[in-house]
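no sequence on hand, only this structure:
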């Protein structure tokens with residue numbers, strides 16, 4: 001597996017798209033921090049990049065890379081290697097690459113301007129969000145052999161988690177406004193890694209106006225510390241569960 005990881009890392013680090021991603025994140029991070037005298041405002045503005053751009057690039061780059069490497073994966077499957085080790089090796093290589101890009105593009109500027117518990121929570125949230133969407137990308141990629149369909153599934157997942165989900169939650173809350181839905185709202189927020197990342201950051205920043213309904217419920221029921229621990233735990237599940245399903249499908253798939 002280690003040789004597979006090294007090959008994937010070497011292959012991806014030569015990719016100009018990854019370099020462009022790092023440059024884009026760096027320009028956005030330094031620009032937002034320098035335009036705002038208050039560091040917390042810069043961090044709040046950077047949160048939009050974290051919740052929209054990072055998931056989009058993570059899931060789209062991973063899906064495209066997987067299908068572009070399909071012949072290489074087929075070659076590895078023909079060797080005396082376990083399919084689980086092959087897929088996890090490719091997954092580890094892609095995850096490390098995108099995580100390194102995130103840490104260089106956003107993590108480094110955040111530490112330079114906000115080297116505090118809030119800044120580190122921001123970095124942890126972004127790292128977990130990156131890994132979560134890489135896992136979702138692998139799941140969407142192993143479901144189908146068709147590249148166009150795989151990319152379509154990946155984009156649909158991103159669109160749902162970043163845009164549609166909040167509308168669905170608001171519709172549910174509006175339809176059942178006469179019922180106590182606080183605990184159910186917490187359950188709903190756990191079904192969206194993007195929402196969890198937002199809550200993790202804002203609970204630490206303690207900006208009640210930006211928490212939203214689900215974040216306010218988290219803060220009310222669990223307090224900032226326990227709410228963050230719960231969010232991190234569920235985010236880890238969003239990383240582990242999709243890739244486990246992907247491995248199971250890949251093991252049974254006829255390539």
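Perfect, thanks for sending it. All values derive from a computational prediction rather than experimental measurement.

what's the closest non-adjacent residue to residue 198?
In this structure, residue 198 finds its nearest non-sequential neighbour in residue 51, 5.8 Å apart by CB to CB, 6 or more residues apart in numbering. Glycine gets a C-beta too; all of them are placed from N, C-alpha and C.

revised request: answer the last question for residue 94.
Looking at residue 94 with CB to CB, 6+ apart, the closest residue is residue 62, at 5.3 Å.

follow-up on the earlier one: okay, now the residue nearest to residue 198: neighbour count?
Per other CB atoms under 10 Å, the neighbour tally for residue 51 reads 20.

packing partners of the helix or strand containing it?
In the assignment (DSSP states H and E), residue 51 maps to helix 39-68. Contacts defined by 3 or more CB pairs under 8 Å, 6 or more residues apart in numbering; DSSP states H and E place helix 39-68 against helix 16-35, helix 83-102, helix 108-113, helix 117-143, helix 147-159, helix 193-205.

next, the angle from the last one to helix 117-143.
So that's helix 193-205. Angle, helix 193-205 to helix 117-143, by axes from the mean of the first three to the mean of the last three CA atoms, to 10 degrees: 170 degrees.

and helix 193-205, what does it pack against?
Here helix 193-205 touches helix 39-68, helix 117-143, helix 165-175, helix 182-189, helix 208-252, going by 3+ CB pairs under 8 Å, 6+ apart.

highest average neighbour count across those?
Of the helices and strands packed on helix 193-205, the one with the most neighbours on average (mean count of other CB atoms under 10 Å) is helix 117-143, at a mean of 23.

how far out from the middle of the chain is that one?
The chain centre lies 3 Å from the centre of helix 117-143; the measure is CA atoms, centre = their mean, to the nearest Å.

what of stretch 87-101?
In terms of CA atoms, centre = their mean, the centre of stretch 87-101 is found 13 Å from the chain centre.

with mean pLDDT and distance to residue 83 added, can I get the helices and strands packed on helix 193-205 in TSV?
Shown next, in TSV, are these (pLDDT from 0 to 100; distance: least, CB to CB, whole Å):
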stretch	mean pLDDT	distance to residue 83
helix 39-68	90	14
helix 117-143	93	10
helix 165-175	78	32
helix 182-189	75	34
helix 208-252	77	5
